[in-house]
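Visitor: I would like the atomic coordinates for the input below:
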Amino acid sequence: MERNGELDLSLLPRELKVMLHILNHREGSLVLEQNIDWDYFLQLVMHHRIYPLVYAKLKELRDPAVPSFVMEMLKREYQKNTFSMLHLSAEMERVSKLFSQRNIKLLFLKGPPIAQDIYGDISLRTSKDLDVLIQFEDVKKAEDVLIELGYEREDRFFSLANEWKWLHHHIIYFHPQKKIQVEIHWRSQPFPIKQPTFHELWERRRKSEVTSSPVYFLGEEDLFIFLIAHGTRHGWFRLRWLADVDYMMRRKQPFKKVEQLRSRKQFNLVGQALLVSSAFFETPIPGEAKSIIEEKRAKELAKLAVPCIMGLSENYMEKDMKREEPHKGSILFLLQSTLINIKSILFQHPYINKTGFMFQKWSHLIKFLYPKPHEEDQLKLPKALKILYFPLRPYLWMKRKSASSRSEKSKQFENV
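Guide: Here you go, the predicted model:
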């Protein structure tokens, strides 16, 4: 998907082009395309989690061509996000204080500190949870602290010999009253992606300006590479991640020496991110970064990224719309969903396939096929026989879904 040496965005939906046109507008009057489906525009803006930036830009431009209902919805969502980020900031400080008192070092990977650092305003970036990175040996201590604070563990892992710590890289906790989710990471990226040690990241940490008491997050270059690796791993299906790259490149120089990126094995990922960000957001690329985007591998990945963004975005938006459909509990629907999931793992988009490690691809399939904790609840087996959960999975799955389907039908009958 390339044109005259540049990435071709001509096949993007009209409404997505309008969104990018608004965000990339720098001076003069804003001229919007005709026949815009504003409902679809809002759906795209919400999906890509970029509505705070769009609202701030439209509020500044005051363009009469934008319908009032669009501005009203964007304003409402912007305000909700601002309150949410303030709520997260208060909880972040509370969690950080208690971790510090228990001698647990933690670095925030997402949340208010990142929004403040990249955009200069916590209200301009969305965040649904707090992701923190700690040392693996502190995982149990961290869980004790969160339970003391009222959090409940959401994740349980099936494990034969502690392999869960390699198959997974974080545990999710949720506070039922505050409706806040905290993810405890012992790796910033899934195994086997190469990454700095916690000690190295801690040595380069920065102190956030969001709170009065100390809250630490990743160093400038570490954050830049983390966000690029994260966006790449997910096929950039939310343009918010590319907006992060764009703002970091505009507001600061996120890497000091290009050659350092080569030693960190992230050279081509950074190159493709800069190329794609430049195509979508007109990101300026400084002279010292030209060698990064001239790499053949970076260009190949960037070329594959555009159709991947379009395809994954459409798939995720369709999933969101289908979640409430009444047939979701049927065995046929669940079987179809399972087959689709297996297909997506085995036959990934060429972009995701080429940016992932072979072991990483197999680990996705292993995790999908691995027995789940609720199957242990469903059928109690002694520890010596836990290996039998693997061949028994199809039987347990069918039994569980049959019971679920009968329950759904019973509820429907009661409501008639």
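
Visitor: now L227. Nearest residue, chain neighbours left out?
Guide: If the residues on either side of it in the chain are set aside, L227 comes closest to D244, at 5.1 Å by Cβ to Cβ, 6 or more residues apart in numbering. Every residue, glycine included, has its C-beta placed from N, CA and C.

Visitor: what residues sit buried inside the host helix or strand of the one you found?
Guide: Take DSSP states H and E as the rule and D244 turns out to sit in helix 240-251. Neighbour-count burial for helix 240-251, counted by 16 or more other Cβ atoms under 10 Å, picks out R240, W241, L242, A243, D244, V245, D246, Y247, M248, M249.

Visitor: can you check stretch 197-215 too?
Guide: F198, L201, W202, R205, R206, S208, V210, T211, V215.

Visitor: possible to save those as JSON lines with secondary structure, pLDDT and distance to W186?
Guide: Formatted as JSON lines, the buried residues of stretch 197-215 follow (DSSP: H, G, I helix; E, B strand; the rest coil; pLDDT from 0 to 100; distance: Cβ to Cβ, whole Å):
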{"residue": "F198", "secondary structure": "helix", "pLDDT": "95", "distance to W186": "8"}
{"residue": "L201", "secondary structure": "helix", "pLDDT": "95", "distance to W186": "12"}
{"residue": "W202", "secondary structure": "helix", "pLDDT": "96", "distance to W186": "13"}
{"residue": "R205", "secondary structure": "coil", "pLDDT": "95", "distance to W186": "17"}
{"residue": "R206", "secondary structure": "strand", "pLDDT": "95", "distance to W186": "21"}
{"residue": "S208", "secondary structure": "coil", "pLDDT": "94", "distance to W186": "21"}
{"residue": "V210", "secondary structure": "coil", "pLDDT": "89", "distance to W186": "24"}
{"residue": "T211", "secondary structure": "coil", "pLDDT": "88", "distance to W186": "24"}
{"residue": "V215", "secondary structure": "coil", "pLDDT": "95", "distance to W186": "19"}
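
Visitor: low pLDDT regions in the stretch 1-150 of the chain?
Guide: 1-5 (pLDDT under 70).

Visitor: would you map the helices across it?
Guide: Taking DSSP state H, counting those that start in this stretch as the test, the helices found in the stretch 1-150 of the chain are 14-24, 38-47, 51-61, 68-101, 112-119, 139-148.

Visitor: please apply the same query to the stretch 151-300 of the chain.
Guide: Counting by DSSP H, counting those that start in this stretch, the helices of the stretch 151-300 of the chain are 164-167, 198-203, 220-233, 240-251, 258-263, 267-281, 290-293, 296-322.
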